[in-house]
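In: Here's my sequence, what's the structure:
(one chain, ligands or ions: 2)
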Amino acid sequence: MKITNICCIGAGYVGGPTMAIIALKCPHIKVTVVDLNEKRIAAWNDADVNNIPIYEPGLSAVVAEARGRNLFFSTDVDKAIDEADMIFISVNTPTKMYGVGKGMAADLKYIELCARQIARVAKDDKIVVEKSTLPVRTASAIKDILNHTGNGVQFQILSNPEFLAEGTAVEDLFAPDRVLIGGDSTLEGKKAIQQLVDIYTNWVSKDRILTTNVWSSELSKLTANAFLAQRVSSINALSELCEKTGADVNEVAKAIGMDSRIGSKFLKASVGFGGSCFQKDILNLVYIAKSYGLDEVADYWEQVIIMNDHQKRRFAKNIIKTLYNTVSGKKIAFLGWAFKKDTNDTRESAAIYVANDLLSEQANISVYDPKVSFDQIQMDLNYLETRSPEENANGVQVVASVYETCKNSHAIAVLTEWDEFKTYDWQKIYDSMLKPAFLFDGRNLLNKSELERIGFVYKAIGS
Ligand code: UDX
Ligand code: UDX
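Out: Residues are numbered from 1 along each chain as shown. Ligands and ions are numbered 1, 2, ... in the order given. Sure thing, here's the model as predicted:
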């Protein structure tokens, strides 16, 4: 049987773009993306495609083409489940903030709710695809729930983790390094895997589609993110050593990256990695290792997070120390708030933690980010519960112009590597600042010699 109707539960950063590309590339398949969040669905349906809730280069053009043709966004979850042959689960799996595994384990509450809803609604056989990153063996929990409905409906569970990176989601989905599909080795399991393979072969070549058992697939996703994050923590660990010794971390990264066994990607020293995945997935891996009594394995991976926390704190400390050990009442301009360029996503962004540390020292922070709103910044800070919402609102301001943001500031901190920051009139910014004009580049983004020529005291990570 060929799949003709797909539903995806969760219209977020993963579900939205992934389904938009499937719909674009498979016009013969009806794709419905559902979400409990009415506001989010309304934004996906906004007549102006530029108002879709997720900013990703190229995404609005894809949505413009497929939406209303075979791509639909809805809050009617039951109807979409009922009609679908294949259901993707793409809801969030945040780190658990209560009970056993608090601060480490993934909270599978939403996944379980989805499984129960599918079990309740389904009247005919379905393939359920885990898209969310999940701890190993989650599929068996989903299976358990689905197989106990007692209504004779047969379910196949597949794991098909998403490897897209935000900011490049559309190109990653168009040309993935690989598509990973895990499933059962039974006859039905193999059939289900093939049905999903047949969807991807509409635009991905067969040799890039990898099939494995479910658990290998689940674990591979956690491992891929853990390895990527580990590289960032490794280069960040060296950035501190470079600052002490006079080596330049960019030069070191280039020198080691040219070794083809090491490779040049993911060696950019930074103020610390952010995003919804790296920290959550490593904590998850640590929790799983601990739960099997593998303490050395758990400690090894936990160090990646410890290093990342250190890097964020170290950046804030360096600002305070350089500004004569006090930032109280001083204006610090933040360029960037998103966790990386080309996204409006701020989850776990290093900027939040750096701001939090500086606010605790009574700094006034002025933020400019091309895609992040004042409300989002306040939400991020309030979530930490370090101080009251009123205090956060008093401590942080957002102005639409970068020149206003930097005017009369004691220092500028670059937190996100937006390309536009490189194009500013830095002489004009320098002239409007208090002197000495400090510039802390947390992304190694700007041109040191040019800025020093203008007169900035320029400090980049790792040099
Ligand atoms: C999330 C996880 O962070 C990631 O680990 C996983 O791989 C995929 O899901 P993302 O798409 O970035 O990634 O999350 P988010 O943008 O929060 O989207 C999840 C959506 O699911 C939200 O819009 C939320 O409203 C929706 N949701 C959640 C439901 O529709 N039903 C639920 O029961 C729970
Ligand atoms: C990551 C994985 O790359 C992707 O495959 C997975 O599906 C989800 O998690 P994402 O978090 O969207 O994607 O972005 P990524 O490009 O991996 O960057 C993560 C963080 O690491 C960002 O804060 C980024 O600025 C930082 N980073 C990345 C560095 O500091 N240095 C680098 O060299 C690379």
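
In: which parts of the strand or helix carrying Ser233 are buried?
Out: Assigned by DSSP states H and E, Ser233 belongs to helix 214-245. Buried residues in helix 214-245, counting neighbours by 16 or more other C-beta atoms under 10 Å, are found at 214, 217-222, 224-226, 228-240, 242-243. For glycine as for every other residue, the C-beta is placed from the backbone atoms N, C-alpha and C.

In: That one vs ligand 1: in contact?
Out: No. Against ligand 1, helix 214-245 shows no contacts by C-beta under 6 Å from any ligand atom, the least distance being 7.7 Å.

In: What distance do you get for the closest residue to Arg443 other than its chain neighbours to Leu335?
Out: Nearest non-adjacent residue to Arg443, counting by C-beta to C-beta, 6 or more residues apart in numbering: Glu417, 4.1 Å away. Applying C-beta to C-beta, to the nearest Å, the value for Glu417 to Leu335 is 10 Å.

In: Looking at those two, which has the bigger crowd around it?
Out: Leu335 (30 against 22; other C-beta atoms under 10 Å).

In: residue contacts, that one?
Out: 368-369, 402, 405, 412-416, 418, 421 (C-beta atoms under 8 Å, 6 or more residues apart in numbering).

In: Would you write a PyMOL line that selects the buried entries of those?
Out: To isolate the buried members of these in PyMOL, using 16+ other C-beta under 10 Å:
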select buried, resi 368+369+402+405+412+413+414+415+416+418+421
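
In: now, which of the contacts of Leu335 lie close to ligand 1?
Out: Of the contacts of Leu335, not one also sits near ligand 1 (C-beta under 6 Å from any ligand atom).

In: ok, back up a step: can you give the distance from the helix or strand following the helix holding Ser233 to the centre of its chain?
Out: Helices and strands here follow DSSP H and E; after helix 214-245, the next one along the chain is helix 249-257. On the basis of C-alpha atoms, centre = their mean, to the nearest Å, helix 249-257 is displaced by 26 Å from the centre of the chain it belongs to.

In: Could you give me the buried positions within the helix or strand that comes right after helix 249-257?
Out: Sequence-wise, the next helix or strand downstream of helix 249-257 (DSSP H and E) is helix 278-291. When burial is assessed from 16+ other C-beta under 10 Å, helix 278-291 yields the following buried residues: 278-290.

In: Which part of the protein gets nearest to ligand 1, residue-wise?
Out: Nearest residue of the chain to ligand 1: Gly12, at 1.9 Å (C-beta to the nearest ligand atom).

In: I'd assumed that residue was in a helix, is it?
Out: No. With DSSP: H, G, I helix; E, B strand; the rest coil as the criterion, Gly12 is coil rather than part of a helix.

In: Need the pLDDT of it.
Out: Looking at Gly12, its pLDDT is 95.

In: Also Ala139?
Out: Ala139 is assigned a pLDDT of 81 by the prediction.

In: Run through the residues that contact it.
Out: Counted by C-beta under 8 Å, 6+ apart, Ala139 has contacts 130, 157, 159, 182, 214-215, 218.

In: repeat that for 6 Å
Out: Ala139 makes contact with 157, 159, 214, according to C-beta atoms under 6 Å, 6 or more residues apart in numbering.

In: List the buried residues for the one helix or strand it maps to?
Out: Assigning secondary structure by DSSP H and E places Ala139 in helix 138-146. For helix 138-146, burial by neighbour count (16+ other C-beta under 10 Å) applies to 138-139, 141-143, 145-146.

In: Likewise for stretch 348-368?
Out: Using 16+ other C-beta under 10 Å as the test for burial, stretch 348-368 gives 348-359, 361, 363-368.

In: Helices - which of those residues land there?
Out: 350-359 (DSSP state H).

In: Which of the residues you listed lies at the shortest distance from ligand 2?
Out: Closest approach between these and ligand 2, by C-beta to the nearest ligand atom: Ala350, at 6.8 Å.

In: tell me the angle the worst-scoring helix or strand of the chain on mean pLDDT makes with helix 214-245.
Out: Lowest on mean pLDDT, DSSP states H and E among the helices and strands of the chain sits helix 138-146, with a mean of 84. Orientation check (axes from the mean of the first three to the mean of the last three C-alpha atoms, to 10 degrees): helix 138-146 against helix 214-245 gives 140 degrees.

In: what does the stretch 101-250 of the chain have sitting close to ligand 1?
Out: Counting by C-beta under 6 Å from any ligand atom, the stretch 101-250 of the chain sits next to ligand 1 at 110, 113-114, 132-133, 162.

In: Centre of the chain to stretch 428-440, how far?
Out: 32 Å.

In: pLDDT score for the one residue in the stretch 301-450 of the chain that gets nearest to ligand 2?
Out: For the stretch 301-450 of the chain and ligand 2, the shortest gap (C-beta to the nearest ligand atom) falls at Lys340, measuring 3.9 Å. Note on Lys340: pLDDT of 97.

In: What distance do you get for it to Ala269?
Out: 14 Å.

In: near ligand 2, which residues of the stretch 201-350 of the chain show up?
Out: Contact residues (C-beta under 6 Å from any ligand atom) of the stretch 201-350 of the chain with ligand 2: 225, 228, 232, 266-268, 270, 273-275, 277-278, 339-340.

In: Which of these scores worst on pLDDT?
Out: Cys277 (92).

In: ok, that one touching Ala226?
Out: No. At 10.1 Å, Cys277 does not count as touching Ala226 under the criterion of C-beta atoms under 6 Å.

In: For the stretch 1-150 of the chain, which segments are assigned as strands?
Out: Along the stretch 1-150 of the chain, counting by DSSP state E, counting those that start in this stretch, strands occupy 5-9, 30-34, 71-74, 86-89, 126-130.

In: Dump those to JSON lines, plus mean pLDDT and mean neighbour count.
Out: What follows is those, written out as JSON lines (pLDDT from 0 to 100; neighbours: other C-beta atoms under 10 Å):
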{"stretch": "strand 5-9", "mean pLDDT": "98", "mean neighbour count": "25"}
{"stretch": "strand 30-34", "mean pLDDT": "98", "mean neighbour count": "25"}
{"stretch": "strand 71-74", "mean pLDDT": "98", "mean neighbour count": "22"}
{"stretch": "strand 86-89", "mean pLDDT": "97", "mean neighbour count": "25"}
{"stretch": "strand 126-130", "mean pLDDT": "95", "mean neighbour count": "25"}
